[in-house]
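[1] Model the following, please.
(one chain, ligands or ions: 1)
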Amino acid sequence: MAAPLEIINACKVFRTPEGGTMTALDGVSLKLASAEFVTLLGPSGCGKTTLLRTISGFETLDDGDVLIDGAAVTQLPAHRRPVNTVFQRYALFGHMSVARNVGYALEIAGRERREIDSRVGEMLDLVGLSGMGQRRISQLSGGQQQRVALARALAGKPKLLLLDEPLSALDKNLRQKMQQELKAIQRELGIGFVFVTHDQEEALTMSDRIAVLAHGRIQQIGAPSMLYQSPANLFTAEFLGESNLLPVTLEGGHARLSDGQGFACAHAPGRATLLLRPEALALTAPEGPALRFSGTLRETYYTGKDHQIALETPGFGMIRALLRTGGTLPEPGSPLTLHAPATGLHLIDEVAP
Ligand SMILES: Nc1ncnc2c1ncn2[C@@H]1O[C@H](COP(=O)(O)OP(=O)(O)OP(=O)(O)O)[C@@H](O)[C@H]1O
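    Now for the predicted structure:
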C-alpha cells in the first residue's frame, strides 16, 4: 500500500520584505505509515506551517517533492490535491447553517442533494453534533465550531488531513477532551493526520510519531516515548519536557561526571552530555548502580500528585526533580540527596554550551 504522504527533500526559501532571504524548509524528508498520526512540533518560526502549506498546495516548493497516496502532487494546485486542512481559526461561514457549512464543498463540486445530505449526516454523527445541522454557527460554542470545521474538512473524504494548531483557541479542559476525540476520529477513519502544534504535551499525548523541527530541518522523528526518553540531540532533549543536562567524559567504556562518579556505557571516547529527566530522580537509593547528588533544597512545589523540587548542588548547579512521594519534604535550605538509577540515564553525543 502506498504511503498516505511522502515528502522528499523539501526546500523553501522566502524573500523577506527587508530584502533578505529566509530558509523556511531546509531539506525536509518525511514518510507517513498508513493511518499514522504525525505531529510537527517546534518553536515559532521553525517551518511547521510552511511544511503544512506545501503539502496542501498553498505554497510551492523550490526543490523536492510531495507524494500523496503514492502520486506526485508537487505541481498540482491546492484544489486538485486529495487533502484538506483544519485551521486554528475555523474559517466557517457564519451566515450559513452547520449542515451547509459541512456540505459546502460537495455542493460546489455539484454532488447530488441526497448524497450531500447523507454525507453531512454521517460527518455530524462522527464529530458528535447529530441533530445540530440547522443551527447557525453563531449559536455554537468554540468546541462545537471546531467540530464543524473538522466535519467540513472530512466531508470530501480526503486521503490525508492536515491540522494547523486546531485546538489552540480552546480552553484547557475542552482542549484535552478534543484531543481524545480527534485521536478517536482519526483511528475510526484510518487516514493519515499531520498535526501542527507548539504544545509539547499535546504532541506527546496524541501522536504516533513526532517530528521535532528547528530552523527548517527535522531534528529528530520518532514515537513520543522514544523522543522523550532517548533524544538524539540537545535540542530535542530540551524542547520536549524538563531536563537536567550534565557534562560527562567518556573513556574505556565508562562515563565520568566532573565530581568523579561514573557509570558503564558503550559510547566512543570523547565528551558528551548526560540527560537526567526530573522524574528519574528519587529520594531513596535504588538497588543496583546509581548516581547520587547531594546539595541544598532550594524550591519545592506540591502539585497535588508530586513534588517539584530544585536542589542546588556544588558541582552541577540546580538539579530539578519530580518526586512521587506522599510524605512531606524537608524545609527549603535543608540538605538533601537525590539518587538516579542507571536505567534513568541517557547520553547525548553533543556537548552542552
Ligand atoms: N510568505 C513569507 N514571506 C517571508 N517569510 C516567510 C513567509 N512565510 C513564512 N516566512 C518565514 O519562514 C519561517 C517559517 O515560518 P512558519 O510560518 O513556517 O513557522 P512556524 O513554525 O509555523 O511558526 P509559528 O509556530 O509561529 O506559526 C519564519 O521565519 C517566517 O517568518
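
[2] where in this structure is pLDDT low?
    90, 326 (pLDDT under 70).

[3] Domain boundaries for it, per the record?
    As recorded under automatic domain parsing, the domains making up the chain are 5-235, 242-348.

[4] Redo the ones you listed as a markdown table? Include mean neighbour count.
    Just so you know, the C-beta spots here come from the backbone N, C-alpha and C atoms, and that holds for glycine as well. Below are the domains of the chain laid out as a markdown table (neighbours: other C-beta atoms under 10 Å):
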| stretch | mean neighbour count |
| --- | --- |
| domain 5-235 | 18 |
| domain 242-348 | 15 |
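
[5] which one of those lies closest to the ligand?
    For the domains of the chain, the distance to the ligand is smallest for domain 5-235, at 3.2 Å, taking C-beta to the nearest ligand atom.

[6] Might you enumerate the residues of the chain proximal to the ligand?
    14, 16, 22, 24, 42, 44-50, 198 (C-beta under 6 Å from any ligand atom).

[7] Take these and lay them out in CSV including secondary structure.
    Conversion of those to CSV gives the following (DSSP: H, G, I helix; E, B strand; the rest coil):
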residue, secondary structure
Phe14, strand
Thr16, coil
Met22, strand
Ala24, strand
Gly42, coil
Ser44, coil
Gly45, coil
Cys46, coil
Gly47, coil
Lys48, helix
Thr49, helix
Thr50, helix
His198, coil
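
[8] Rebuild the residues you listed as CSV, extending it with distance to Pro286.
    Shown next, in CSV, are the residues of the chain next to the ligand (distance: C-beta to C-beta, whole Å):
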residue, distance to Pro286
Phe14, 51
Thr16, 53
Met22, 49
Ala24, 46
Gly42, 35
Ser44, 40
Gly45, 42
Cys46, 38
Gly47, 42
Lys48, 39
Thr49, 44
Thr50, 46
His198, 35
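
[9] Among those residues, list the two that are farthest apart in space.
    Set against one another by C-beta to C-beta, those have their most distant pair in Thr16 and His198, with a gap of 21.7 Å.

[10] check contacts around the most centrally placed residue in the chain.
    Nearest to the geometric centre of the chain sits Ala203, at 2.9 Å (C-alpha atoms, centre = their mean). The neighbourhood of Ala203, defined by C-beta atoms under 8 Å, 6 or more residues apart in numbering, consists of 39, 41, 195, 197, 210, 224, 240.

[11] which one of those is nearest Ala105?
    Comparing every one of the contacts of Ala203 with Ala105 (C-beta to C-beta), the shortest separation belongs to Phe195, at 21.1 Å.

[12] Over to Lys177. Which of the three states is it?
    Put simply, Lys177 is helix when judged by three-state DSSP.

[13] show me what contacts the residue nearest to Leu347 when sequence neighbours are not counted?
    If the residues on either side of it in the chain are set aside, Leu347 comes closest to Ala272, at 5.1 Å by C-beta to C-beta, 6 or more residues apart in numbering. With contacts defined as C-beta under 8 Å, 6+ apart, Ala272 is in contact with 247-248, 250, 255, 347-351.

[14] hey, where'd the strands end up in the stretch 101-250 of the chain?
    Along the stretch 101-250 of the chain, the segments classed as strands by DSSP state E, counting those that start in this stretch run 160-164, 192-197, 209-214, 217-222, 244-251.

[15] And the third one, what does it pack against?
    Packed against strand 209-214, as judged by 3 or more C-beta pairs under 8 Å, 6 or more residues apart in numbering; DSSP states H and E, are the following elements: strand 37-41, strand 217-222, helix 224-229, helix 234-239.

[16] Return the third one as CSV; C-alpha atoms alone will do.
    This means helix 224-229. Listed in CSV are the C-alpha atoms of helix 224-229, where the atom choice follows Å, rounded to 0.1, in the frame of the first residue of the first chain:
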residue,chain,number,x,y,z
PRO,A,224,6.8,10.1,21.7
SER,A,225,8.3,7.9,24.4
MET,A,226,11.4,7.3,22.3
LEU,A,227,11.9,11.1,21.7
TYR,A,228,11.3,11.8,25.4
GLN,A,229,13.5,9.0,26.9
